[in-house]
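1. Coordinates only, no sequence provided:
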Ligand SMILES: O=P(O)(O)OC[C@H]1O[C@H](O)[C@H](O)[C@@H](O)[C@@H]1O
C-alpha cells in the first residue's frame, strides 16, 4: 500500500505517509494538507522547524503549507484558511508515473462565516515519483457568485548552508520588495543569494527556475498557471520574533514559493481553474 495513516494516541490521524517503489516518500498532515517531509534520492529536501507546532493549533512552520484564498495579510487571517483547516483524504493510487494522493477542501461553517463567504471545491493532488514531486490544484466555484483569490505553494527548502544557495532564472524579472517597501524593482542578478532578510514577490516569472542547494545539489521548480515566485528568508532579527522558528534556523532554510499572488484571479460560478508546481531533483 503506497499510503499509510499514522494515528496519535487518541486514534486521530496525525499524518499520512506516501511512499513510491523507489523509497521516495512524503509525509502529509491532514491539518492544512501540509507536506512536512519529502525524501528523495535518499535525502530530506524540505525544511521543518524544530519548533513547528504539529497539533493543529496553528499553521505548520515548514514543509509546504498551502496558501488560499489570500496571500499575506488582508481581510482574512494571514495567508488564508487553507493551511489552517483539516482537509479530507479523497483517495490514493499507485500508477505508472508514481504514487498519488488526493485531498479535498470545500466550504464549511467556519469559511462561510469568514469574510470569504463562498462555496468552492479545491482538490489537491500530490504525485510522487523517484525524483520529483508534482502538486496540483483543481478549483471549482460552486457558488452562485463570482469570487477572487490568490494562492501559493509556500515551499520551505532545507540546506546545510544558506551561503551556498542560489536562485537562477529571475534576472530581469520585476519584483516587489516587502522588506525595502519598494515596488517594481528589476532583478539584476542571474544567481540570487540570501545574505539578509529577503521577502520579495517576483511577478510574471518564467515557468522554470533552478534552485541550487549546495555544490552538488539543485532542484528544478516548474510551474503552470502560476504567475509569481516569492522568495523568503526571515534572517536573524525577524527569526527572533517568531515563536515557532529557532533563532539559528534561518541558516538552514529558504522559501522559493510558486503562486499567483500579485494579481487576484477571478472565477465565475460553475467555472474551474487549475495549476501545478513540480519539484524535480537535478
Ligand atoms: O509567518 P507566516 O504567516 O507563515 O508567513 C511567512 C512569510 O510568508 C511569505 O513568504 C511572505 O512573503 C512573508 O511576508 C511571510 O513573512
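-> The structure has been received and is ready for your questions. All values derive from a computational prediction rather than experimental measurement.
2. which residues of the stretch 51-200 of the chain fall in strands?
-> 66-67, 88-95, 98-106, 120-128, 132-141, 147-153, 156-158, 166-168, 174-177, 182-186, 191-192, 198-203 (DSSP state E, counting those that start in this stretch).
3. What is the end-to-end distance of stretch 191-204?
-> 18 Å (CA to CA, to the nearest Å).
4. Which single residue of the stretch 1-150 of the chain ends up nearest the ligand?
-> residue 78 (4.4 Å; CB to the nearest ligand atom). For every residue, glycine as well, the C-beta is placed using N, CA and C.
5. residues in the stretch 151-282 of the chain within reach of the ligand, list them.
-> Residues of the stretch 151-282 of the chain lying close to the ligand by CB under 6 Å from any ligand atom are 178, 199, 230, 232, 255.
6. Which parts of the chain are helices?
-> 109-112, 235-240 (DSSP state H).
7. Give me the contact list for the first one.
-> Think helix 109-112. Here helix 109-112 makes contact (CB atoms under 8 Å, 6 or more residues apart in numbering) with 81, 85, 117-119.
8. from these, which would you call buried?
-> Buried by 16 or more other CB atoms under 10 Å: 81, 85, 118-119, out of these.
9. Which strand runs longest in the protein?
-> In the chain, taking DSSP state E as the definition, the longest strand is strand 253-267.
10. quick one: buried residues of that one?
-> So strand 253-267, judged by 16+ other CB under 10 Å, has buried residues 253-262, 265, 267.
11. Now do the same contact list for residue 192.
-> Neighbour list for residue 192: 166-168, 170, 231 [criterion: CB under 8 Å, 6+ apart].
12. meant to ask about residue 268
-> 141, 146.
13. Tell me the spacing between it and the ligand.
-> Counting by CB to the nearest ligand atom, to the nearest Å, the separation of residue 268 from the ligand is 28 Å.
14. List, one by one, the residues from the stretch 1-150 of the chain near the ligand.
-> Near the ligand, when you scan the stretch 1-150 of the chain using CB under 6 Å from any ligand atom, you find 59, 72, 78-79.
15. so what's the nearest residue to residue 279 once chain neighbours are set aside up against?
-> Distance criterion CB to CB, 6 or more residues apart in numbering; nearest residue to residue 279, sequence neighbours excluded, is residue 133 at 4.8 Å. Counting by CB under 8 Å, 6+ apart, residue 133 makes contact with 26, 35, 38, 40, 126-127, 278-279.
16. and these, which of them are in strands?
-> 26, 35, 38, 40, 126-127, 278-279.
17. so can I have a markdown table of those showing pLDDT and distance to residue 13?
-> Below are these laid out as a markdown table (pLDDT from 0 to 100; distance: CB to CB, whole Å):
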| residue | pLDDT | distance to residue 13 |
| --- | --- | --- |
| 26 | 98 | 15 |
| 35 | 98 | 15 |
| 38 | 98 | 19 |
| 40 | 97 | 24 |
| 126 | 98 | 16 |
| 127 | 98 | 21 |
| 278 | 98 | 27 |
| 279 | 98 | 25 |
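18. Now render the residues you listed as CSV, adding neighbour count.
-> Output for the ones in strands among the contacts of residue 133, formatted as CSV (neighbours: other CB atoms under 10 Å):
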residue, neighbour count
26, 28
35, 29
38, 24
40, 24
126, 24
127, 22
278, 18
279, 24
